[in-house]
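Asks: Have a look; sequence and predicted model below, questions after that.
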2 protein chains.
Amino acid sequence: MHSSELQTPALVVDATALDHNLTTMAAALPGARLRPHVKAHKTTALAALQAAHGHLGFTCATVREVEGLAAADLGADLLLANEVVDARRLGAVVAAGSRVTVAVDSDETVDAAVAGGVREVVIDVNVGLPRCGCDPRDAGRLAERARRAGLVVRGVMGYEGHLMMHQPREDRATQTAACMELLLSASADVGGELVSGGGTGTFDVNTWVTEIQAGSYALMDTAYCALGLPFRQALQIEATVISVNPSRWAVADCGLKALGMDHGNPTIDGCAVWYCSDEHVTFSCDDLPTVGARIRVAPAHVDPTVAYHERMHVLGPDGAVVEEWAVDLRGW
Amino acid sequence: MHSSELQTPALVVDATALDHNLTTMAAALPGARLRPHVKAHKTTALAALQAAHGHLGFTCATVREVEGLAAADLGADLLLANEVVDARRLGAVVAAGSRVTVAVDSDETVDAAVAGGVREVVIDVNVGLPRCGCDPRDAGRLAERARRAGLVVRGVMGYEGHLMMHQPREDRATQTAACMELLLSASADVGGELVSGGGTGTFDVNTWVTEIQAGSYALMDTAYCALGLPFRQALQIEATVISVNPSRWAVADCGLKALGMDHGNPTIDGCAVWYCSDEHVTFSCDDLPTVGARIRVAPAHVDPTVAYHERMHVLGPDGAVVEEWAVDLRGW
């Protein structure tokens, strides 16, 4: 099947760009230096490709991602880099034979890990992003509490998410250094071998962690592409032009329910995007397309875009669909 | 089961508010005066309730919505208020015994209806929103072309979507009148009995159409609630507090993948929402909740929020889950 025969809107992945991204990252951060974050693609078939590139441990944001990877025989070393107050489903994955480590940042989440049957944790440390993570000065105490409760504390994690899009690169590097100073100080108090952090935006400037949790690098989006990283936009949305207002604009069937919008409008090469509504994107360009034409829409934020779609289609250089992957890690 | 036992994030619907909304609308626009738009809830169980309130025709935005309603025995009179360039799946629904009418705004979409086996159309007229719809002056020609091609032209539709949130109400009414003047002029050229348009924001000021296509009124969102309409916020997201930074903020598990963000941040009663990331909302309030507490998050835009979720849970006054509905019209 050619991409032009796909029911639209449809996620399409350029196989060449994807391969470039996976290969480039595996060269920069080989093996366990990268713990790919699956939240960016929510697709076990793509996680299996990352494993084939040498990255056998994965980062997850939801319990379902953990369950799905384990069910797909990718459960060698799964880190839920997020807090849960009910860890029973994670405990069931452990009992079934996978290795699951969960982030904890409070007494309550330590207790939840114990109660749920999870045996390994990392101490999640706040390094500046106003989100999860304990005070760096509390990390040692929390680790001690976890160990007293019978848990193995594998180390620390700390996500400098507020710096991912920070420009220029030099400032990003300097500010990452300051964040990681906090994480390393917590690591000294906590012990363990893991210092986990980072993301696509800091993959090459965060040289302090033992493993980088990047996810977006595989598929990319227009926000990350603006940083000048060595990764290419591999994911777009194939859409059909369904209406053309002759003198001014065209409309394609790729709207708010096919696109994460928190980073703003998507882009269409050579066109100006006016706005999106539920099932439409309205845009203009010098040569308006005709009704029925196919266009490609590049999302501004890959993660919440992928989460709307049931499947993604991998395209060869000629536009033929060479693989169809279920986006099988959606939901919670 | 009580809502506090739901896996979070979870869509929850206040049964009392929903009943109020359905009853209020059915009193204002009884029977065929309302053609409920299912794109706002994507749930056949809720559509069945709307039918029980007397509205037997439905408005759809996608082919899958048409297919799903037909499969749920709600196919008495389905209007796909959107253009398609491949109508074969619609034709299959017609062949299976449902009544399907599709919007057309170009020669190409007329031809697609014929080729796909759809027998009834409405002429979609642009009334000011830069999206689909033909020039009002072209509507008569298009209707003639459609009839020559063997189609039944049931009338016109025109959506004044740019006015839905327009304030104050008096201006909304005045501007709606101007839009509907265009639609009525097209209607005079086209003929047929249907003049379809409007939405939740104009349900009571658009007195020109024969039927209103409102959808959001059933569940509502914070953007529509700001208009002072007689409908109540029935939909919220139950979320769990997973992390608390003692002096400043809390984090719950309801993020970008659980919320349509094009209308901005969601709201949490009594709290200030700072921002959302993929799986988190960070917020502050005078009395921070504790880890494990449940909170309710009200989305700013209902349609793209619902489209992220697999199911919604209807809650009685005591918070008990009285029904669980599959959000079964998602995708395309």
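Replies: Received it, and whenever you're ready, just let me know what you need.
Asks: When you work out contacts or count neighbours from here on, use the C-alpha atoms and nothing else.
Replies: Fine.
Asks: Could you count how many residues lie near A:Val297?
Replies: 25 (other C-alpha atoms under 10 Å in any protein chain shown).
Asks: Any chance you could note which residues of the stretch 101-250 of chain A sit beside chain B?
Replies: Taking C-alpha under 8 Å from any C-alpha of the partner chain as the criterion, the neighbours of chain B within the stretch 101-250 of chain A are A:105-106, A:108-109, A:130-134, A:242-245, A:249-250.
Asks: Now do the helices for the stretch 101-250 of chain A: every range, in order, please.
Replies: Using DSSP state H, counting those that start in this stretch, the helices of the stretch 101-250 of chain A run over A:107-116, A:139-148, A:169-190, A:222-225.
Asks: Save those as a markdown table, and put in mean pLDDT and mean neighbour count too.
Replies: Output for the helices of the stretch 101-250 of chain A, formatted as a markdown table (pLDDT from 0 to 100; neighbours: other C-alpha atoms under 10 Å in any protein chain shown):
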| stretch | mean pLDDT | mean neighbour count |
| --- | --- | --- |
| helix A:107-116 | 98 | 21 |
| helix A:139-148 | 98 | 20 |
| helix A:169-190 | 97 | 19 |
| helix A:222-225 | 94 | 18 |
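Asks: Could you work out the most separated pair of the residues of the stretch 101-250 of chain A next to chain B?
Replies: Based on C-alpha to C-alpha, the longest span within these runs between A:Glu108 and A:Asn245 and measures 57.7 Å.
Asks: What are the boundaries of the strands in the stretch 51-200 of chain A?
Replies: All strands of the stretch 51-200 of chain A, identified by DSSP state E, counting those that start in this stretch, fall at A:57-60, A:77-80, A:100-104, A:120-124, A:152-158, A:194-197.
Asks: strand partners of the last one, parallel vs antiparallel please.
Replies: According to DSSP bridges, strand A:194-197 forms sheet pairs with strand A:152-158 (parallel), strand A:211-212 (parallel).
Asks: show me the contacts for A:Val125.
Replies: Residues near A:Val125 by C-alpha atoms under 8 Å, 6 or more residues apart in numbering or on different chains: A:105, A:132-136, A:139, A:156-159, A:183, A:186.
Asks: One more pass at 10 Å, please.
Replies: Residues in contact with A:Val125 (C-alpha atoms under 10 Å, 6 or more residues apart in numbering or on different chains) are A:103-105, A:132-139, A:156-159, A:182-184, A:186-187, A:197.
Asks: Same check on A:Asn245?
Replies: A:251, A:284, A:288, A:290-291, B:105-106, B:126, B:130-135 are the contacts of A:Asn245 under C-alpha under 10 Å, 6+ apart.
Asks: Also A:Val195?
Replies: By C-alpha under 10 Å, 6+ apart, A:Val195 lies in contact with A:122-123, A:154-158, A:180, A:183-184, A:186-187, A:208-212.
Asks: can you redo the strands of the stretch 51-200 of chain A as a markdown table with mean pLDDT?
Replies: Shown next, in a markdown table, are the strands of the stretch 51-200 of chain A (pLDDT from 0 to 100):
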| stretch | mean pLDDT |
| --- | --- |
| strand A:57-60 | 98 |
| strand A:77-80 | 98 |
| strand A:100-104 | 98 |
| strand A:120-124 | 98 |
| strand A:152-158 | 98 |
| strand A:194-197 | 98 |
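Asks: Which one, of these, ends up nearest to B:Gly57?
Replies: strand A:57-60 (43.5 Å).
Asks: From the contact counts, what lies against the closest one?
Replies: If you count contacts as 3 or more C-alpha pairs under 10 Å, 6 or more residues apart in numbering or on different chains; DSSP states H and E, strand A:57-60 packs onto helix A:44-52, helix A:63-71, strand A:77-80, strand A:100-104.
Asks: Give the partner strands of the shortest one in its sheet and their orientations.
Replies: Think strand A:77-80. Strands that pair with strand A:77-80, judged by DSSP bridges, come out as strand A:57-60 (parallel), strand A:100-104 (parallel).
Asks: Including mean neighbour count, could those go into JSON lines?
Replies: Listed next are those as JSON lines, based on neighbours: other C-alpha atoms under 10 Å in any protein chain shown:
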{"stretch": "strand A:57-60", "mean neighbour count": "26"}
{"stretch": "strand A:100-104", "mean neighbour count": "28"}
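Asks: Make a markdown table out of the ones you listed and add distance to A:His313.
Replies: Below are the strands paired with strand A:77-80 laid out as a markdown table (distance: least, C-alpha to C-alpha, whole Å):
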| stretch | distance to A:His313 |
| --- | --- |
| strand A:57-60 | 22 |
| strand A:100-104 | 30 |
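Asks: so which of the ones you listed gets nearest B:Ala113?
Replies: strand A:57-60 (45.0 Å).
Asks: Contacts for that closest one, please.
Replies: A:31-40, A:42, A:47, A:50-51, A:65-67, A:69, A:74-82, A:99-102, A:196, A:211-215, A:329.
Asks: chain center to it: distance?
Replies: 10 Å (C-alpha atoms, centre = their mean, to the nearest Å).
Asks: now do stretch A:182-193
Replies: 25 Å.
Asks: For it, which outside residues touch it?
Replies: With C-alpha under 10 Å, 6+ apart as the test, stretch A:182-193 has contacts from A:122-128, A:134-144, A:152-160, A:177, A:180-181, A:194-197, A:208-210.
Asks: try 7 Å this time
Replies: A:Val125, A:Val127, A:Pro136, A:Arg137, A:Ala139, A:Gly140, A:Ala143, A:Val153, A:Arg154, A:Gly155, A:Val156, A:Gly158 (C-alpha atoms under 7 Å, 6 or more residues apart in numbering or on different chains).
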